[in-house]
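Asker: Sharing a model that was predicted from the sequence below.
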Amino acid sequence: MEAFSRCDDYDVFEIDDRGTAYLYYNNESIDNAFVVTGKCNSNCLMCPSSEGVRRSASTAHIDNLLQIVNHIPFDAAHLTITGGEPFLLGKDIFRFFEALRNKFTQTGFLLLTNGRIFSIPEYCDLLRQTLPPQTILGIPIHGYDAVTHDSITQAKGSFQQTFLGLKHLLARGFRIELRIVVSRMTADFVDKIADLIVAEFSGIETVKIIGLEMLGNAAKNQDQVWLPYPAAFQKSKTAIMALISAGTDVGLYNFPLCAVDREFWPICAKSITDYKVRFAEQCDICTLKDACGGIFAGTYRLAKDDIVPIGDKTIC
């Protein structure tokens with residue numbers, strides 16, 4: 001009861017038969033999400049979920065999703081739809097989208113998906129009919145060709161499906177956010193991914209360059225994927241400038257400010273979910289701590305020694 005006393009009047013919970021409460025909506029947060037499923041049809045080497053979760057996680061029932069929608073305030077500022085891969089729910093997901101579209105006329109949405117399903121034009125058309133128009137689709141691209149991309153997803157044909165899916169979505173006018181996760185495996189060809197984006201996907205809305213969260217598969221494959229944030233940024237600079245020069249909006253996600261050159265600070269976002277954020281002890285003397293997004297709690301063990309506080313007597 002003490003925990004509930006700290007909740008807001010519009011928070012949404014589910015309490016199961018064992019008395020366990022699950023928070024689905026925090027009215028004081030702008031980072032609320034519908035987790036449709038933990039399952040995924042890719043198995044990315046640097047994913048913060050494990051292969052076991054990918055294979056055996058539960059999937060939300062459509063009736064439960066619709067009930068949650070019914071209880072969330074209609075004026076929610078922003079909601080994320082994520083997984084795993086949300087489209088493993090099957091075509092019931094379009095009933096979910098339709099409910100969101102009917103209720104939340106002003107809410108901003110981010111739909112996170114690997115985009116592979118949109119290689120099937122029917123799914124693009126169903127999405128157009130049901131998805132709230134104020135939705136951005138966040139889709140990762142892990143390589144510049146089938147060899148580089150599929151070696152990371154561990155799913156043969158995933159590059160071709162994602163490539164074709166993006167073409168179908170852009171042809172129908174969807175808002176697209178492409179995501180590049182920078183790891184040891186991708187660092188040497190981030191610029192080639194940027195060149196592919198400029199050449200083939202000029203209609204996208206934005207590109208996010210993303211630092212690693214070292215849990216799940218990423219932790220298991222640490223030797224293959226871990227790249228310190230300062231090194232990941234340096235490896236991404238050429239790609240960032242190429243995208244900006246082409247008129248593409250670019251953002252840096254999951255990078256602490258001290259890992260990034262000063263002139264790139266304006267494109268750094270506080271992107272880590274509140275409860276996952278951690279700061280190193282040395283961050284307490286940083287003059288820009290309040291502006292910084294910190295690092296993942298799950299990555300702290302690897303990243304803490306790279307943190308350099310910003311101030312008159314340090315790197316500033």
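Answerer: Great, that's in hand.
Asker: just for the stretch 151-300 of the chain, where's the confidence low?
Answerer: Scanning the stretch 151-300 of the chain for pLDDT under 70 picks out nothing.
Asker: Quick one: the strands in it, in order.
Answerer: Per DSSP state E, counting those that start in this stretch, the stretch 151-300 of the chain carries strands over the ranges 175-181, 206-210, 249-253, 268-269, 277-278, 295-296.
Asker: now the first one against strand 249-253, angle please.
Answerer: Regarding strand 175-181 and strand 249-253, their directions subtend 40 degrees when assessed with axes from the mean of the first three to the mean of the last three Cα atoms, to 10 degrees.
Asker: which other helices and strands contact strand 175-181?
Answerer: Counting contacts by 3 or more Cβ pairs under 8 Å, 6 or more residues apart in numbering; DSSP states H and E, strand 175-181 packs against strand 135-140, helix 158-171, helix 190-200, strand 206-210. Every C-beta, even on glycine, is put in place using the N, C-alpha and C of the backbone.
Asker: Report the angle between the second one and strand 175-181.
Answerer: Using the same axes, to 10 degrees, the inter-axis angle of helix 158-171 relative to strand 175-181 is 150 degrees.
Asker: Hmm, Asp31 and Thr273 touching each other?
Answerer: Yes. With contacts counted by Cβ atoms under 8 Å, Thr273 reaches Asp31, the gap being 5.5 Å.
Asker: who's more crowded, these two?
Answerer: Remark: of Thr273 and Asp31, Asp31 carries more neighbours, 15 against 12, as counted by other Cβ atoms under 10 Å.
Asker: residue contacts, that one?
Answerer: With contacts defined as Cβ atoms under 8 Å, 6 or more residues apart in numbering, Asp31 is in contact with 78, 80, 273-274.
Asker: which of the residues you listed are buried?
Answerer: Buried subset of the contacts of Asp31 (neighbour count, 16 or more other Cβ atoms under 10 Å): Thr80.
Asker: Let's see which of the contacts of Asp31 end up in helices.
Answerer: With DSSP state H as the criterion, helices contain none of the contacts of Asp31.
Asker: and which of the contacts of Asp31 is nearest Phe201?
Answerer: Of all the contacts of Asp31, Phe201 sits closest to Thr80, with 22.0 Å by Cβ to Cβ.
Asker: Quick check: bridge partners of the closest one?
Answerer: On the basis of DSSP bridges, Thr80 is bridged to Ala33, Leu110.
Asker: wait, isn't it in contact with Phe34?
Answerer: Yes. Contact criterion Cβ under 8 Å: Thr80 and Phe34 qualify, at 7.2 Å.
Asker: before we move on, back to that, mean neighbour count, the strands of the stretch 151-300 of the chain: which tops it?
Answerer: strand 295-296 (a mean of 24; mean count of other Cβ atoms under 10 Å).
Asker: Any chance you could list what contacts that one?
Answerer: 213-215, 229, 254, 256, 272, 276-280, 303-304, 307.
Asker: Now which of those residues would you call buried?
Answerer: 213-215, 229, 254, 256, 272, 276, 279-280, 303, 307.
Asker: what's next to stretch 68-82, contact-wise?
Answerer: 10, 12, 14, 24-25, 27, 30-36, 96, 99-100, 103-112.
Asker: the helices in the chain, which residues?
Answerer: Using DSSP H, helices in the chain cover 2-5, 51-56, 62-71, 92-103, 121-130, 146-153, 158-171, 190-200, 216-220, 222-225, 229-245, 300-303.
Asker: Take those and lay them out in TSV including distance to Asn43.
Answerer: Converted to TSV, those look like this (distance: least, Cβ to Cβ, whole Å):
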stretch	distance to Asn43
helix 2-5	36
helix 51-56	6
helix 62-71	25
helix 92-103	21
helix 121-130	21
helix 146-153	7
helix 158-171	10
helix 190-200	20
helix 216-220	7
helix 222-225	13
helix 229-245	22
helix 300-303	22
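Asker: what's the span of stretch 221-238, first residue to last?
Answerer: Terminal residues of stretch 221-238 are spaced 26 Å apart (Cα to Cα, to the nearest Å).
Asker: and it, which residues are buried?
Answerer: For stretch 221-238, using 16+ other Cβ under 10 Å, the buried residues are 221, 225-230, 232-233, 235-236.
Asker: Appreciated, that's everything.
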